[in-house]
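Undergrad: next come a sequence and a model predicted from it.
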Amino acid sequence: MKKRGAAALLAAICLLAGCAASDPALPAETPTPTETSSPAYQGDSLFAYCTERQRELLELPHEELPVELIFHHWTETAADYETRDETVIAGVLQALRDVSVESESSIVSTDNRGLTFVTAQGDTYSFWFDKRRFEGVDGRCYVLSEDEKLWELVWGIRAADPDYQDLMR
């Protein structure tokens, strides 16, 4: 009986350890042993792990840019930050195109970040991330590289949001 209780406690601790809150101000995470690079993934474009719909967005010419970008930042609390700035939207799209996949990850977090692009016609295209891992077409998470510019631009959307600025005062 004591062994079962100890095993259950150990399982609960392991589960909770994977659910730690993230802080965007902290430096990028160091890959854990389960996230080490694999030659099968090294340098693959994010495009290869996107849904057909996401690929459509990434292939749009500059003239057909979405008119709005919503950054969903869901941690202990949920918040959405929006921009209609063409330069920012174009930059985020280009940064997504430049991201590479390094490996598959078995680690999952409760923190979610989403990018939803909205076209002038009202069509939406969404990309979801688990911390700095991309949630791919097959439901798996992939560790990203070359994503620094993407997150720099995305955190800039949050920093420019009037509600966020009021909160930080």
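TA: Everything's here; your move.

Undergrad: what's in contact with stretch 44-57?
TA: For stretch 44-57, the surrounding residues in contact (CB atoms under 8 Å, 6 or more residues apart in numbering) are 58, 66, 93, 96-97, 99-101, 117, 125-127, 134, 136-138, 142, 144. (C-beta placed from N, C-alpha, C; glycine too.)

Undergrad: kindly report the same for stretch 160-169.
TA: When contacts are defined by CB under 8 Å, 6+ apart, stretch 160-169 is touched by residues Ala79, Tyr81, Glu82, Thr83, Arg158, Ala159.

Undergrad: let's go with 10 Å and repeat that
TA: With contacts defined as CB atoms under 10 Å, 6 or more residues apart in numbering, stretch 160-169 is touched by Phe71, His73, Ala79, Asp80, Tyr81, Glu82, Thr83, Asp85, Val88, Ile157, Arg158, Ala159.

Undergrad: could you export these as TSV, including distance to Ser45?
TA: Converted to TSV, the contacts of stretch 160-169 look like this (distance: CB to CB, whole Å):
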residue	distance to Ser45
Phe71	22
His73	25
Ala79	30
Asp80	28
Tyr81	26
Glu82	27
Thr83	25
Asp85	26
Val88	22
Ile157	23
Arg158	26
Ala159	28
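
Undergrad: which of those residues fall within helices?
TA: In this view, the contacts of stretch 160-169 that belong to helices under DSSP state H are Val88, Ile157, Arg158, Ala159.

Undergrad: hmm, which of those are the buried ones?
TA: Among the ones in helices among the contacts of stretch 160-169, the ones that count as buried by 16 or more other CB atoms under 10 Å are Val88, Ile157, Arg158.

Undergrad: min pLDDT across those, which one?
TA: Confidence by pLDDT is poorest for Arg158 among these, given 91.

Undergrad: the most centrally placed residue in the chain: which element?
TA: Against the mean C-alpha coordinate of the chain, by CA atoms, centre = their mean, the closest residue is Phe129 at 2.6 Å. For Phe129, the host element (DSSP states H and E) is strand 124-130.

Undergrad: good, we can wrap up now.
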